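J.: Build me a model:
(one chain, ligands or ions: 1)
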Amino acid sequence: MTALFIGSHLSTAGGWNALLKRSHDEGGTAFAFFPRSPYGKRSKALDPAQAGEFGARLKAQGYGPLVVHAPYVYNLAGKDEAKRQFAIEALAEDIELLTPIREAGQETYINIHPGSHVGQGAETGCRLISDGLNRVLERASGIPVLLETMAGKGTECGRNFEELATIVDGIDNKANIGITFDTCHVFDAGYDLVNNYDDVMGQLDEIIGLDTVKAIHVNDSQFGLDSHKDRHANIGEGQLGIPFFKRLVNDPIMARLPMILETKEQTPTTHREEIELLCSLANHS
Ligand SMILES: [Zn+2]
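T.: So this is what the prediction gives:
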C-alpha cells in the first residue's frame, strides 16, 4: 500500500505560501482551506494571480488532491432566493479562483455542505440543491464539487446515502460532482462504522457508488451512533476509536483518497501527531 494523502484544514492567513508552510510544518501530504471567510467575504490573502503557481508547487511536491471547503454560510436549499443566489454566485467564484490550480496539474475539489431545507422538507431541499448546483456548473465547471455526508443535525440535507444519491441524480453535469465521506458525520447519521464497516461500505457502493467518493473528512465522533450532533473528536478519543481508523487506512479503496482532519488543535502539534498516528496504523506492505 502506498503512503496516505493526509493533512488538516489550514488557515489561509498570509496567503498561498503561508498555507503551504503550515502544511509542511504538520508533515502533511494533503490539506483543506476556506477560499473565503466563514461569512462569505472574499479572502484578500489568496491572490488569484498566484493560484496557478501554487498548484504547480503542490504538484511538484507530490501532494494528494486538494479538498477546499466552501464556507458554511452557503445554503443552496434555503427559502430565501437572494441567499440562494449568493451561494450560487459565490461558489462559482470559488471554482474560478481554484481552476488555475487544477490547470497546473494539481487535482483539486471544492467540498460543500449540501444545505438545510429549513422546514421545506427533504425532497424540496434536495431538488433546490440539484437546481442550484446545475446553475453553478453552468457558470463554472473547472473544479468538481463534492457533497459532504452530513450528520443530520437540524434540517440538513444529505443525512443519508439516499438523499445524496437523489441530489446527484438531479445534476446534469455528473462528471463534476462527487462525495466527501465524513467519518464522524456518517457514524453520527446512524451508519455503524464500528461494528458493521463492510456493510456500510456496501451500502455506500450500492446507493452512491464508491467511484463517486473523492475525499474523506477523517474525524472521530464525541457522540455515539445515530446521535445527529456533529461534534468531532480527536482521532482515537471518540466513539469511533482506533480499530475503526485502522480499518479505514487499510481499506484499499478508501486509503487512496485524500484524508482531511477537522479535529481540534489541542496543542500546536496535535495535527502532526494525528497524521503520524494514522500513518502508523497503515500497513506499509
Ligand atoms: Zn464540512
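J.: quick one: contacts for residue 213?
T.: 178-181, 204, 254, 257 (Cβ atoms under 8 Å, 6 or more residues apart in numbering). All C-beta spots, glycine's among them, are computed from the backbone N, C-alpha and C.
J.: Mind picking the two most distant members of these?
T.: Farthest-apart pair in the contacts of residue 213 is 178 and 254; separation 13.9 Å (Cβ to Cβ).
J.: mind listing the strands for the stretch 101-250 of the chain?
T.: 108-112, 115-116, 145-148, 156-157, 177-182, 213-217, 220-221, 232-233 (DSSP state E, counting those that start in this stretch).
J.: Using a markdown table, please lay out those together with mean pLDDT.
T.: Shown next, in a markdown table, are the strands of the stretch 101-250 of the chain (pLDDT from 0 to 100):
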| stretch | mean pLDDT |
| --- | --- |
| strand 108-112 | 98 |
| strand 115-116 | 94 |
| strand 145-148 | 98 |
| strand 156-157 | 94 |
| strand 177-182 | 98 |
| strand 213-217 | 98 |
| strand 220-221 | 95 |
| strand 232-233 | 93 |
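J.: Distance to residue 273 for those strands - can I get that in a markdown table?
T.: Output for those, formatted as a markdown table (distance: least, Cβ to Cβ, whole Å):
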| stretch | distance to residue 273 |
| --- | --- |
| strand 108-112 | 24 |
| strand 115-116 | 34 |
| strand 145-148 | 25 |
| strand 156-157 | 31 |
| strand 177-182 | 21 |
| strand 213-217 | 18 |
| strand 220-221 | 14 |
| strand 232-233 | 14 |
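J.: And for residue 197, the neighbour number?
T.: Counted by other Cβ atoms under 10 Å, the residues lying close to residue 197 total 17.
J.: now swap in residue 229 and tell me
T.: The tally of other residues near residue 229 (other Cβ under 10 Å) stands at 15.
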